[in-house]
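# quick one, structure for this:
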Amino acid sequence: MTERAQKVWKAFCGELIEQPTEDQAQALATAIREIANEHQYYQCCEEAGVEDMVVDARVLYELADELEN
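Okay, the predicted model is just below:
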């Protein structure tokens with residue numbers, strides 16, 4: 001697991017009441033993929049003529065707030 005993935009996993013585990021399981025790691029990965037799928041958009045880089053898939057951080061913070069409320 002990369003350092004970046006470890007930070008996300010540690011944050012997730014810090015909110016759990018019980019010890020995390022491998023199923024929960026898979027569920028978290030699935031949720032992250034769904035978030036990217038639902039909130040992605042393409043931004044064209046005119047100089048290079050390519051499109052990059054982008055997810056706006058503001059949208060992610062709003063989603064987190066919705067989940068908490």
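
# host element of Asp52?
strand 50-54 (DSSP states H and E).

# give me the distance between the residue most central in space within the chain and Phe12.
Taking C-alpha atoms, centre = their mean, the centroid of the chain lies closest to Ile32, which sits 3.9 Å from it. Look at Ile32 and Phe12: by C-beta to C-beta, to the nearest Å, they are 10 Å apart. In short, each C-beta sits where N, CA and C put it, glycine included.

# same check on Asp56?
22 Å.

# any idea how far Glu18 is from the residue nearest to the centre of the chain?
From Ile32 across to Glu18, the span is 21 Å (C-beta to C-beta).

# then Glu62?
29 Å.

# tell me which of the two has more neighbours.
Of the pair Glu62 and Glu18, Glu62 is the one with more neighbours under other C-beta atoms under 10 Å, namely 12 against 6.

# tell me the SS of the more buried one?
On the three-state scheme (DSSP: H, G, I helix; E, B strand; the rest coil), Glu62 is labelled helix.

# shaky segments in this protein?
46-48 (pLDDT under 70).

# cutoff 80 now
Residue ranges of the chain with pLDDT under 80: 43-51.
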